[in-house]
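1. using only what follows, build the 3D model:
(chains A and B)
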Amino acid sequence: MSAVTASSTLQVTAESFAPPNAALFTCNSCGVGFPTPDMQRRHMKTDWHRYNLKRRVATLPPISAEIFAERVLQQMDATRKNEEKLSFVQICRACGNKRFTSAGAYENHLSSSRHKENLKRAEQLGLREDDDNGSTISGARDHSPDWSVTSSTFSLGEPVQPLQYHTFGFRDGRVAGGSKKTLRRHKAPSSVTTASVTGDDLDSIIDDGAAAFARPSVRSAASSVVGGLDAEDEDEDIDSIIERKLQTAVKLPINACIFCSAQNFSDIEATVSHMQHDHGLFVPEKDYIVDLQGLITYLSEKVSIGNACLYCSFIGRSLNSIRDHMVAKQHCKIPYDTEDEQLEISSFYDFSSSYPDDYEEEDDWDDVASGDGSAEDDAETVLQVANVGPQRRTESNLVLDPTGLELSLPLSRLRIGHRSLARYYRQSLRPTAEHREGQSTVIAATSRQMLASISRDPVKERLTKTDWRDQRDKQNRDIRREQRYINQQKHYRDPMLGG
Amino acid sequence: MSLEDIVVDIEETVDTKNALISLDSPISLQYVAAGRIAQSVLSYLVREVTERRMTNVYDICHAGDSLIELETNKIYKNVDEKGVAAPTTVDVNNCVQGYSPVNRDSAYILCNGDIVKISLGVHIGGYTSLVSHTLIALPTIVPNDQVAPTTGVLADVICATHLATEAVTSLLGTVLYRYENQSGCYGNRPVNGERIREIVESVANTFQVKIVPGSTVRRIKRFLVGQDTVHEVDVKGYTWGSISIEAMTDDPDEGDLKKIIDTEAPADRGEAWLIDISMCTFSGLESDLSQKNGLQVSRRTLKPHRDLKPTIFTRDYNRNLSMKLKSARGVLIEVDSRKSVYPFHLSTLSTSGAPLGVAALVNAEIMAPTRVMMIQGSPAPIAARERTTVLLMPSAKHVGEVVRLSGGGIKPSWVHSEFEVTDEEIIELLSEKRAGVRLRNIQGIEVNMVKEDAQEMEV
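-> As a prediction, this is how the structure comes out:
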């Protein structure tokens, strides 16, 4: 509901004081009148009038302008209050980033004993300087149960994984949940404070971690795991998170299996072979892989440092947990379906041997600049220039016929016709006669009209004409004859005669 | 070569392939070569008949065809289409066209006093020379000056035919020398179909003979010499009705005649013309000259022979049908691949069951027969025929000359007619000077039918 200006309200009110008889132009649904038609028209456009119309539809009596204005202001207040209510988010850091979406709940929590305990613990660890309540409003960070970094107090013999900031950088920009509870494949619910977590931050992370031109390093592998940090959060940034993770990560040697505890394979091939046989890991595009060791290292880092599932967006709490997840769910596979997935590991491959022969590596940029031909050609060339992703040995210059019914493949010199003309392609016509000179001269010299006029059979014509005449006569005779009886109806009951 | 290609280039093709530039040009040479062979073979056959060495018509026809094949194979080796343009036919007395028997045993044997018309045609690369000659088969071989000439209607008809042909040849020649002054005019009148008609009919009138339908004087082109199956668009000259049954009409002036031929277009230099005139004596049915038909034989009297089946066929390349009969298919394949656009003799087909297949094809109108046409009447009329091909040849040195490819130089029969030409213009055309026209006759060469060759040719 838009605001009704005071002036318009006043104006209307002033006008409505005029006696009804003086007002020539009335509005019946509002119960007002105007001296000029202009004013009436203006009134019709206002919100007040519209509201009165609605009231009339609901069989309610109309309201005056003042009352309408009051209501509007009330409504504005109410909506504001509602919004405030809805946008309320408080996160209690001390209690492991517990989120509260209502003020009442938050207040209650603050006064709870549990929270007070957590506060004490935080003070002991001296990790942060929080606000008075020991919590800050932070970004859309979902929590994970273990949040302490220095593991000594909580160590149970096994190294504990550091804080899982889960927004694992998937290529398609998905922000994935870290724990089982908050496992989501869509963005966090909209809120004022979470609005900033998207866009730039994620992009930077993604670029960092998934740069196709650079071989992913350990840092990038880690940072690809590390999630979107809210800009508002000053206490920690990605680098420190990465550092923490690296410190506490389990170093998986190259001779160890990623998915189980098997170790000490003779070489990388044996490892891969074990993974293929026992866990079903299939290395895609084996023909084109250049750096198998790098690929395996990358994958193992993903699992060991980031504790991320290769196939889905699950983030485990520890290496064991992610291993269990992958084995149990049979996710021991490298995703290779979408382009982003392919791009992710494209730096370990070299597909240049699959490019068509006429493609010259050196003239990458020239090709793009001087590209002529169809738009498809240019698109294809650009793709090749970027050298992105694996490409099969495909036709690079598909040329579509102007009619749109034929596709030319210059490489294999094929012409593909559209299925709508299939019946014509299937036709097998008699081969055209190859005439010698005499025949062609004779054929060319003959006038077809002459043929038609001369080669008539007069006998046949005469017979045909006779036939037609006979038929016509017979028809006439029949018509004459049937006039006598054709309208006779044996059981006809005439209504006039009482039928 | 598809039809579209032909249609697009037709103007160019026709002109370049038909224009006669000089006697040395390739086209002219091919014409002359064809004419020479035709003349040679005709001379040979005429000699054989007059000297009584050949009396069986089958022998004559067979010899003629074989000789033509023999001679054409010797020359122009690179030219693919050449040979017989019209199978040798021997038409006797009231037979007008088409008799060339298949069996020797059932063939006609020439009798004394028969009017024998030997017709044949040769082509090399489509450049055709057609020739016909009429002679009387005489009982004794005696030098002509010691014997009285034949008289009567026989003489009339032979004279009329001969003189008409000569007059038309000279008339066409006048086109050449009048070129500078008045193009295509002789005596201030253009040399066109109408003029030709006048001349010929005047001669026929003088000698009191009738003109047989099928007689034409027309311009011919490469491959287009007035075959039954070809209905050309632009033809000039004159034709006295059509001998094919389908197109025949009683009244020569009505019907499709005007559409067939343009009688107004004048002859021009650099063209090849066919002069084919048949005349016949009056039959018992119509003896009065003043009848409606005038000089032309009426349809009632010109009919195909009841018993003699046609043995000469022409492929109509405008019709293409798939035949059910196996022999018909075989014949069609053979004809399409080996035969040209000219009529061919049934005996030249090597497909088994050829007669049956051919009959089916004729039924389907894929091939047109050349029927054996007879003029009926009592007494049966006698028909004479003269056919020549001439080139209206321009020349660099002189005005130009008429090159008579075949038919010139063969002496007419020893006849004497009581009538004579009275028209002055025709007299001028027939005189020694030929109204100023230079005439060159292509002479034949000696040809010999060696028996061994004959056997080979038979296949």
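
2. can you tell me the element the residue lying closest to B:Val84 once chain neighbours are set aside falls in?
-> The shortest distance from B:Val84 to any non-neighbouring residue, by C-beta to C-beta, 6 or more residues apart in numbering or on different chains, is to B:Ile68 (5.1 Å). The way it works is simple: take the backbone N, C-alpha and C, and place the C-beta from them, glycine included. Assigned by DSSP states H and E, B:Ile68 belongs to helix B:57-74.

3. so who does the nearest residue to A:Val442 once chain neighbours are set aside touch?
-> Of all residues not flanking A:Val442 in the chain, B:Val341 sits nearest, at 4.6 Å (C-beta to C-beta, 6+ apart). Applying C-beta atoms under 8 Å, 6 or more residues apart in numbering or on different chains to B:Val341 gives the contacts A:Gly438, A:Gln439, A:Thr441, A:Val442, B:Phe223, B:Gln227, B:Thr229, B:Val230, B:Thr314, B:Arg315, B:Tyr317.

4. report how many residues lie close to the fifth one.
-> Using other C-beta atoms under 10 Å in any protein chain shown, B:Phe223 has 28 neighbouring residues.

5. what pLDDT does it get?
-> At B:Phe223, the model reports a pLDDT of 93.

6. wait, isn't it in contact with A:His435?
-> No - assessed by C-beta atoms under 8 Å, B:Phe223 is found out of contact with A:His435, at 11.3 Å.

7. read off the pLDDT value for B:Arg269.
-> 85.

8. do the same with B:Ile60
-> We have a pLDDT of 95 for B:Ile60.

9. what about the closest residue in space to A:Cys309 that isn't next to it in sequence, how many residues nearby?
-> When the adjacent residues along the chain are set aside, A:Cys309 lies closest to A:His331, with 5.2 Å between them (C-beta to C-beta, 6+ apart). For A:His331, the count of nearby residues is 18 (other C-beta under 10 Å).

10. isn't there a helix covering A:His331?
-> No - A:His331: not assigned to a helix; according to DSSP: H, G, I helix; E, B strand; the rest coil it is coil.

11. quick one, phi psi at it?
-> The phi/psi pair for A:His331 (degrees, to the nearest 10) reads phi -100, psi 20.

12. that one and A:Leu281: what is the separation?
-> To A:Leu281, A:His331 is 10 Å away according to C-beta to C-beta, to the nearest Å.

13. got it, and A:Ser353?
-> 24 Å.

14. out of these two, which sits in the busier spot?
-> With neighbours defined as other C-beta under 10 Å, A:Ser353 and A:Leu281 compare such that A:Leu281 has more, 22 against 8.

15. give the contact list for the more buried one.
-> A:Leu281 sits next to A:Ile258, A:Phe259, A:Val272, A:Met275, A:Cys332, A:Lys333, A:Ile334 when contact means C-beta under 8 Å, 6+ apart.

16. quick check: pLDDT value at it.
-> 92.

17. wouldn't B:Lys221 be in contact with B:Leu20 here?
-> No - using C-beta under 8 Å, B:Lys221 is not in contact with B:Leu20; the gap is 11.0 Å.

18. ok, which residues in the stretch 301-450 of chain B are in contact with chain A?
-> Within the stretch 301-450 of chain B, the positions adjacent to chain A are B:Tyr317, B:Asn318, B:Asn320, B:Asp336, B:Ser340, B:Val341, B:Tyr342, B:Glu365 by C-beta under 8 Å from any C-beta of the partner chain.

19. most neighbours of all these, which one?
-> Going by other C-beta under 10 Å, B:Val341 tops these with 29 neighbours.

20. name the element that residue belongs to?
-> Going by DSSP H and E, B:Val341 is not in any helix or strand.

21. could you list the low-pLDDT ranges of the stretch 351-499 of chain A?
-> Where the stretch 351-499 of chain A drops to pLDDT under 70, the residues are A:357-396, A:447-456.

22. give me that answer again for 50
-> Within the stretch 351-499 of chain A, the segments meeting pLDDT under 50 span A:363-391.

23. can you give me the strands in it?
-> Ranges of strands in the stretch 351-499 of chain A, per DSSP state E, counting those that start in this stretch, are A:399-400, A:406-409, A:414-417.

24. find residues that contact each of B:Lys221 and B:Leu20.
-> B:Ala272.

25. now find how far off-centre stretch B:439-448 is within its chain.
-> Distance of stretch B:439-448 from its chain centroid, counting by C-alpha atoms, centre = their mean, to the nearest Å, is 18 Å.

26. which other residues reach it?
-> B:32, B:35-44, B:67, B:70-71, B:169-170, B:173, B:401-406, B:408-409.

27. for that stretch, buried residues please.
-> Counting neighbours by 16 or more other C-beta atoms under 10 Å in any protein chain shown, one finds that the buried residues in stretch B:439-448 are B:Arg440, B:Asn441, B:Ile442, B:Gly444, B:Val447.

28. can you give me phi and psi for the residue nearest to B:Ala33 when sequence neighbours are not counted?
-> Leaving aside its sequence neighbours, B:Ala33 sits nearest to B:Ile124 (C-beta to C-beta, 6+ apart; 5.4 Å). The phi/psi pair for B:Ile124 (degrees, to the nearest 10) reads phi -130, psi 110.

29. can you give me the pLDDT of B:Ile124?
-> Model confidence at B:Ile124 (pLDDT) stands at 96.

30. residues contacting it?
-> B:Ile124 makes contacts with B:Gln30, B:Tyr31, B:Ala33, B:Ala34, B:Thr72, B:Ile75, B:Tyr76, B:Val79, B:Lys82, as judged by C-beta under 8 Å, 6+ apart.
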